[in-house]
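In: Predicted coordinates and the sequence they were generated for:
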Amino acid sequence: MCHLALTDRCRVAALAAIVASAAAMAVHAGTESDLAAKAVCNKSPAAARALERLGDVMWHGRFVAYQPTSLQIVNGHPARAEAASIRADLQVLRPRFDGLITYGSVDGAEAIPGIATSLGFRALIIGVWNPFDPSQLDAAIDAARAHPDIVIGLSLGNELVFTKRHNIAELAAMAMSVRQRLPAIAISTTEPFHMFYGSEASELLHQLDFMLVNVHPVFQPWFLHAPDHNAAEFVVNVVTKLGDLYCGPILVKEVGVPTAPSEGGFTADRQASFFTELLTQFPPARQRSFAYFSAFDAPWRAFDEIARPAPGSSTKPHPEEGHWGLFDEHRRPKAVVARIPVLESAPR
């Protein structure tokens, strides 16, 4: 979920693009043994079954990043998501998706595992918005223990390092602590891709069972006038580089195109075209795949960012932040939905 202005992201975009391009070239220049020597590998025997189930859905199913339509956060105060509304959301999603990645574990999200199970979803990665808040972390752990048939992983925060709310060492320690409490659940966290490039990220990577990463071509300075082929290629190059650094499963949690405002190059047609091109260049596999971002529009995000803005970021409205959905806030499908096939596992 993007909580910073496009201009803020562009401060790192140029460097990130250069690094991604260089990484793609390095894959061909280096030997396989060189790459393997650089990669961090963390294989937790206790989480093996969870990772197997993760791979099954990455390859043969489809993940979507989901936040309830009835959840709104105004001036930092969340409105509790209603169970009936969550069920209506998930009924709309289920024909095309059997995996969910959430952002929060409280404020009504406690109902998601049970409802998702009843609708036939196969996998749920519970997001803990602030894992350093004991109430949020405990709620996620309780849900994982209560619903072992669907909860396969926890994502400890979303862009905590990027937004300077916590540092890598703190996150690594948190992941280690949670693993002791939930050894059979796959543990991860989510950051923009470039946050994993530096050598200092190794401490965190050693604690992750799988990688969740945000890769947004729209934050690159060339996006507006570039063809969708280039945007999709950028994502592939980034994942290739991450694969050189980390040998576990990599699931791109956030990648997409908003559908408004049009002056930013954001339209429903471009969203649909981008995902079509991305699927062509980045077909799903057990170790590498992407989730659709995101399930539903949330217009309130244009005016009230969930995450604390990074120092110096603008506080003006950002309308694009409210329009990442495959469906609008009323659950009406956009053009992209017609291009996402119904799953064979969908309820009849």
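Out: Looks like it arrived, so ask away.

In: how near is residue 257 to residue 118?
Out: Using C-beta to C-beta, to the nearest Å, residue 257 is found at 32 Å from residue 118. Glycine gets a C-beta too; all of them are placed from N, C-alpha and C.

In: So between those two, which is more surrounded?
Out: Counted by other C-beta atoms under 10 Å, residue 257 and residue 118 do not tie: residue 257 has more neighbours, with 28 against 11.

In: List the residues that contact the more buried one.
Out: By C-beta atoms under 8 Å, 6 or more residues apart in numbering, the contact set of residue 257 is 217-218, 231, 266, 270-271, 274-275.

In: which SS class is the residue nearest the centre of the chain?
Out: Geometric centre of the chain, nearest residue: residue 253, 2.1 Å, by C-alpha atoms, centre = their mean. Here residue 253 is recorded as strand under DSSP: H, G, I helix; E, B strand; the rest coil.

In: Residue 211 is in contact with that one, correct?
Out: No. With contact defined as C-beta atoms under 8 Å, residue 253 does not reach residue 211; the gap is 9.3 Å.

In: all strands of this structure, in order?
Out: Along the chain, counting by DSSP state E, strands occupy 63-65, 72-74, 77-79, 99-101, 123-128, 151-158, 186-192, 211-214, 250-254, 288-290.

In: tell me the angle the fifth one makes with strand 186-192.
Out: Comparing the axes of strand 123-128 and strand 186-192 via axes from the mean of the first three to the mean of the last three C-alpha atoms, to 10 degrees yields an angle of 60 degrees.

In: on contacts alone, who are the packing partners of strand 123-128?
Out: If you count contacts as 3 or more C-beta pairs under 8 Å, 6 or more residues apart in numbering; DSSP states H and E, strand 123-128 packs onto helix 48-60, strand 99-101, helix 112-118, helix 134-146, strand 151-158.

In: per-residue confidence averaged over that strand?
Out: Averaging pLDDT along strand 123-128 yields 98.

In: just how off-centre is it within its chain?
Out: Per C-alpha atoms, centre = their mean, to the nearest Å, the displacement of strand 123-128 from the mean C-alpha position of its chain is 10 Å.

In: who's in contact with it?
Out: For strand 123-128, contacts defined as C-beta under 8 Å, 6+ apart pick out 53-54, 56-57, 61, 63, 98-105, 109, 112-113, 116, 136-137, 140, 143-144, 147, 150-158, 188, 190, 212.

In: now the longest one
Out: By C-beta under 8 Å, 6+ apart, the list of residues contacting strand 151-158 from outside reads 1, 50-51, 53-54, 101, 103, 113, 123-131, 140-141, 143-144, 165-166, 171, 174-175, 178, 182, 185-190, 209-210, 212, 253, 307.

In: go with 7 Å
Out: 1, 50, 53-54, 101, 103, 113, 123-131, 140, 143-144, 171, 174-175, 178, 182, 185-190, 210, 212 (C-beta atoms under 7 Å, 6 or more residues apart in numbering).

In: which one among the contacts of residue 257 gets closest to residue 294?
Out: The closest of the contacts of residue 257 to residue 294 turns out to be residue 271 (C-beta to C-beta; 11.2 Å).

In: before we move on, the earlier item: tell me if I'm right that the residue nearest to the centre of the chain and residue 64 touch.
Out: No. No contact is recorded between residue 253 and residue 64 when judged using C-beta atoms under 7 Å, the distance being 10.1 Å.

In: which neighbours do these two share?
Out: In contact with both residue 253 and residue 64: residue 291, using C-beta under 7 Å, 6+ apart.

In: And the helices in the stretch 201-348 of the chain?
Out: Taking DSSP state H, counting those that start in this stretch to define them, one finds helices in the stretch 201-348 of the chain at 202-205, 228-245, 268-281.

In: Just the CA atoms of the second one, as CSV, please.
Out: In CSV, the C-alpha atoms belonging to helix 228-245 read as follows (Å, rounded to 0.1, in the frame of the first residue of the first chain):
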residue,chain,number,x,y,z
ASP,A,228,3.7,-1.3,-20.5
HIS,A,229,6.3,-3.7,-21.8
ASN,A,230,9.0,-1.6,-20.1
ALA,A,231,7.1,-1.3,-16.9
ALA,A,232,6.6,-5.1,-16.7
GLU,A,233,10.3,-5.7,-17.6
PHE,A,234,11.3,-3.4,-14.8
VAL,A,235,9.4,-5.7,-12.3
VAL,A,236,11.1,-8.8,-13.8
ASN,A,237,14.6,-7.2,-13.5
VAL,A,238,13.9,-6.2,-9.9
VAL,A,239,12.8,-9.7,-8.9
THR,A,240,15.8,-11.2,-10.7
LYS,A,241,18.1,-9.0,-8.6
LEU,A,242,16.3,-10.0,-5.4
GLY,A,243,16.7,-13.6,-6.4
ASP,A,244,20.5,-13.1,-6.4
LEU,A,245,20.3,-11.8,-2.9
